[in-house]
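>>> Sequence unavailable; structure follows:
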(Lines give C-alpha, C1' and ligand atoms only; values in the text may rest on other atoms or scores of the structure.)
Protein backbone atom coordinates (compact mmCIF):
# COMPACT_ATOMS: atom_id res chain seq x y z
CA UNK A 1 0.00 0.00 0.00
CA UNK A 2 1.22 3.44 -0.83
CA UNK A 3 -0.31 6.48 0.85
CA UNK A 4 0.41 9.71 -1.05
CA UNK A 5 -0.65 13.12 0.19
CA UNK A 6 0.35 16.72 0.73
CA UNK A 7 -0.12 17.48 4.45
CA UNK A 8 -0.81 21.14 3.72
CA UNK A 9 -3.87 20.35 1.61
CA UNK A 10 -7.16 20.75 3.51
CA UNK A 11 -8.73 17.36 2.64
CA UNK A 12 -6.09 14.98 3.98
CA UNK A 13 -7.59 14.08 7.35
CA UNK A 14 -9.23 10.89 6.09
CA UNK A 15 -6.10 9.47 4.46
CA UNK A 16 -4.00 10.27 7.55
CA UNK A 17 -6.64 8.69 9.77
CA UNK A 18 -6.71 5.52 7.62
CA UNK A 19 -2.93 5.38 7.69
CA UNK A 20 -2.92 5.48 11.49
CA UNK A 21 -5.66 2.83 11.70
CA UNK A 22 -4.05 0.42 9.23
CA UNK A 23 -0.60 0.70 10.78
CA UNK A 24 -1.65 0.56 14.43
CA UNK A 25 -0.09 -2.15 16.55
CA UNK A 26 -3.44 -3.05 18.06
CA UNK A 27 -4.75 -4.11 14.65
CA UNK A 28 -4.19 -7.83 14.25
CA UNK A 29 -3.43 -8.85 10.69
CA UNK A 30 -2.99 -12.37 9.41
CA UNK A 31 -1.18 -11.27 6.29
CA UNK A 32 1.57 -8.72 6.27
CA UNK A 33 1.25 -5.72 4.02
CA UNK A 34 4.03 -3.37 3.11
CA UNK A 35 3.05 0.22 3.76
CA UNK A 36 4.83 3.13 2.14
CA UNK A 37 4.07 6.78 2.80
CA UNK A 38 4.82 9.38 0.17
CA UNK A 39 4.53 12.87 1.67
CA UNK A 40 4.61 15.55 -1.00
CA UNK A 41 4.60 19.31 -1.01
CA UNK A 42 3.27 19.83 -4.53
CA UNK A 43 -0.44 20.33 -3.71
CA UNK A 44 -1.27 16.92 -5.17
CA UNK A 45 -4.52 15.18 -4.34
CA UNK A 46 -4.43 12.48 -1.63
CA UNK A 47 -4.70 8.87 -2.83
CA UNK A 48 -3.97 5.31 -1.79
CA UNK A 49 -2.47 2.78 -4.22
CA UNK A 50 -2.93 -0.85 -3.25
CA UNK A 51 -1.07 -3.43 -5.31
CA UNK A 52 -2.04 -7.05 -4.79
CA UNK A 53 0.21 -10.08 -5.22
CA UNK A 54 -1.71 -11.14 -8.32
CA UNK A 55 -0.94 -7.85 -10.07
CA UNK A 56 -4.30 -6.15 -9.60
CA UNK A 57 -4.23 -2.58 -8.40
CA UNK A 58 -6.74 -0.51 -6.44
CA UNK A 59 -6.43 3.29 -6.51
CA UNK A 60 -8.55 5.23 -4.03
CA UNK A 61 -8.77 8.99 -4.47
CA UNK A 62 -9.51 10.01 -0.90
CA UNK A 63 -9.94 13.77 -1.13
CA UNK A 64 -13.71 13.75 -0.61
CA UNK A 65 -14.09 10.44 1.23
CA UNK A 66 -14.43 9.88 4.95
CA UNK A 67 -12.19 7.40 6.77
CA UNK A 68 -14.99 4.88 7.15
CA UNK A 69 -15.79 5.06 3.43
CA UNK A 70 -12.15 4.41 2.51
CA UNK A 71 -11.87 1.42 4.83
CA UNK A 72 -15.22 0.07 3.63
CA UNK A 73 -14.18 0.29 -0.04
CA UNK A 74 -10.86 -1.40 0.69
CA UNK A 75 -12.59 -4.15 2.67
CA UNK A 76 -15.17 -4.73 -0.06
CA UNK A 77 -12.49 -5.00 -2.76
CA UNK A 78 -10.32 -7.33 -0.64
CA UNK A 79 -13.26 -9.59 0.17
CA UNK A 80 -14.13 -9.79 -3.52
CA UNK A 81 -10.55 -10.89 -4.23
CA UNK A 82 -10.42 -13.37 -1.35
CA UNK A 83 -10.66 -16.85 -2.84
CA UNK A 84 -9.98 -18.74 0.39
CA UNK A 85 -13.61 -18.40 1.51
CA UNK A 86 -14.87 -20.05 -1.66
CA UNK A 87 -12.27 -22.79 -1.39
CA UNK A 88 -13.32 -23.49 2.20
CA UNK A 89 -16.96 -23.84 1.10
CA UNK A 90 -15.97 -26.28 -1.64
CA UNK A 91 -13.88 -28.33 0.78
CA UNK A 92 -16.76 -28.53 3.27
CA UNK A 93 -19.15 -29.55 0.53
CA UNK A 94 -16.82 -32.33 -0.63
CA UNK A 95 -16.39 -33.56 2.94
CA UNK A 96 -20.15 -33.59 3.47
CA UNK A 97 -20.58 -35.62 0.28
CA UNK A 98 -18.04 -38.21 1.45
CA UNK A 99 -19.76 -38.56 4.81
CA UNK A 100 -23.14 -39.17 3.15
CA UNK A 101 -21.64 -41.92 0.95
CA UNK A 102 -20.21 -43.69 4.03
CA UNK A 103 -23.67 -43.72 5.68
CA UNK A 104 -25.21 -45.67 2.76
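Nice, I can see it. Just so we're clear, the structure is a prediction, and the values are computed from it rather than from any experiment.
>>> Run through the residues that contact the most centrally placed residue in the chain.
Nearest to the mean C-alpha position of the chain, by C-alpha atoms, centre = their mean, lies residue 74 at 4.1 Å. Neighbour list for residue 74: 48, 50, 58, 60 [criterion: C-beta atoms under 8 Å, 6 or more residues apart in numbering]. Bear in mind the C-beta positions are built from the backbone N, C-alpha and C, glycine included.
>>> Export these as TSV, with columns for secondary structure, distance to residue 10 and neighbour count.
Below are those laid out as TSV (DSSP: H, G, I helix; E, B strand; the rest coil; distance: C-beta to C-beta, whole Å; neighbours: other C-beta atoms under 10 Å):
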residue	secondary structure	distance to residue 10	neighbour count
48	strand	18	22
50	strand	24	16
58	strand	24	15
60	strand	18	20
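>>> Closest to residue 81 out of these?
Residue 81 has its nearest neighbour among the contacts of residue 74 in residue 58, at 9.1 Å by C-beta to C-beta.
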